[in-house]
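> return atomic coordinates for the entry below.
(one chain, ligands or ions: 2)
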Amino acid sequence: MTLEDLKTLIREVQDFPKEGINFKDITTAIKDPNAFQYIVDQLYLKYKDKGITKVAGIESRGFIVGAALAYKLGAGFVLIRKQGKLPAETIKKTYSLEYGEDIIEVHKDAFNENDVVLLHDDLLATGGTAKAAIDLVREFPVKDLLVNFIIELSFLKGKESIASEQNIDVDSLIVY
Ligand SMILES: O=P(O)(O)OC[C@H]1O[C@H](OP(=O)(O)OP(=O)(O)O)[C@H](O)[C@@H]1O
Ligand SMILES: Nc1ncnc2[nH]cnc12
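Ligands and ions are numbered 1, 2, ... in the order given. Next up, the predicted model:
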């Protein structure tokens with residue numbers, strides 16, 4: 001498996017969920033055992049020496065590889081969820097994304113001062129979701145925060161909007 005092989009396994013669906021959106025569908029990649037293993041292994045190689053204590057995955061597509069990666073790194077896993085799904089006390093952020101608006105939240109006891117957090121999602125588009133998730137993690141006194149995506153849509157400038165102002169290590173496996 002190579003990055004080029006992986007790219008061919010990501011399906012593009014035109015006009016989903018709205019007209020004008022070219023949706024990058026990872027389901028066709030992660031159902032392939034070699035591709036799924038390749039994604040997790042590539043991210044593991046990048047982060048294995050960074051002292052990551054917790055991977056925080058963004059609902060829902062950020063849970064899939066995020067949880068596998070946390071297991072492989074020997075880290076814990078934290079759920080950043082859409083509003084109303086987490087049972088205990090939370091903190092929340094409203095955000096806009098490429099095709100709408102939403103609220104995400106995380107449990108108030110999710111992180112502590114010993115944590116080096118790797119925030120993970122499948123895809124970076126406008127950066128609205130990631131920025132809200134970064135703001136959530138930044139409410140905790142964590143040691144460090146790194147951010148990772150499987151896919152970045154660079155023409156939407158999401159990386160600029162999250163990395164430049166906040167000086168954060170942001171990386172993506174595939175850039176379109
Ligand atoms: O950079 P942005 O413009 O904010 O868009 C990126 C977000 O959009 C998608 O999630 P979606 O809200 O569709 O939810 P899902 O993972 O549950 O499908 C994707 O998984 C990212 O979380
Ligand atoms: N174009 C896109 N494809 C898949 N997920 C997305 N989330 C936001 N924009 C997206």
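> bridging residues for the spatially most central residue of the chain?
Residue closest to the mean C-alpha point of the chain, counted by Cα atoms, centre = their mean, is residue 121 at 1.5 Å. Per DSSP bridges, the residues bridged to residue 121 are residue 149.
> residue contacts, it?
57, 58, 61, 62, 66, 129, 130, 133, 149 (Cβ atoms under 8 Å, 6 or more residues apart in numbering). Heads up, the C-betas are built off the backbone N, CA and C, glycines and all.
> in TSV: the residues you listed, plus secondary structure.
Output for the contacts of residue 121, formatted as TSV (DSSP: H, G, I helix; E, B strand; the rest coil):
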residue	secondary structure
57	strand
58	strand
61	helix
62	helix
66	helix
129	helix
130	helix
133	helix
149	strand
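> residue numbers of this structure in contact with ligand 1?
Contact residues, the chain versus ligand 1 (Cβ under 6 Å from any ligand atom): 58-61, 97-98, 121-130, 158.
> under the pLDDT cut-off, which ranges of this protein? List them.
In the predicted model of the chain, residues 164-166 satisfy pLDDT under 70.
> burial count for residue 142?
19 (other Cβ atoms under 10 Å).
> dump the residue contacts of it.
111, 112, 113, 115, 116, 117.
> isn't the third one up against residue 141?
Yes: Residue 113 sits in contact with residue 141 when judged by Cβ atoms under 8 Å, with a separation of 4.6 Å.
> where's residue 49 relative to ligand 1, distance?
Between residue 49 and ligand 1 the computed distance is 27 Å (Cβ to the nearest ligand atom, to the nearest Å).
> how close does that residue get to residue 116?
Per Cβ to Cβ, to the nearest Å, residue 49 is found 11 Å from residue 116.
> more neighbours: the two, which one.
Using other Cβ under 10 Å, the more surrounded residue of residue 49 and residue 116 is residue 116, with 17 against 7.
> tell me which residues touch the nearest residue to residue 26 once chain neighbours are set aside, please.
In this structure, residue 26 finds its nearest non-sequential neighbour in residue 122, 5.3 Å apart by Cβ to Cβ, 6 or more residues apart in numbering. Contact analysis of residue 122 by Cβ under 8 Å, 6+ apart lists 26, 61, 62, 64, 65, 149, 150, 151.
> so which of the residues of the chain next to ligand 1 reach ligand 2?
The subset of the residues of the chain next to ligand 1 within reach of ligand 2, by Cβ under 6 Å from any ligand atom, is 97, 98, 123, 125.
> nice, that's everything, thank you.
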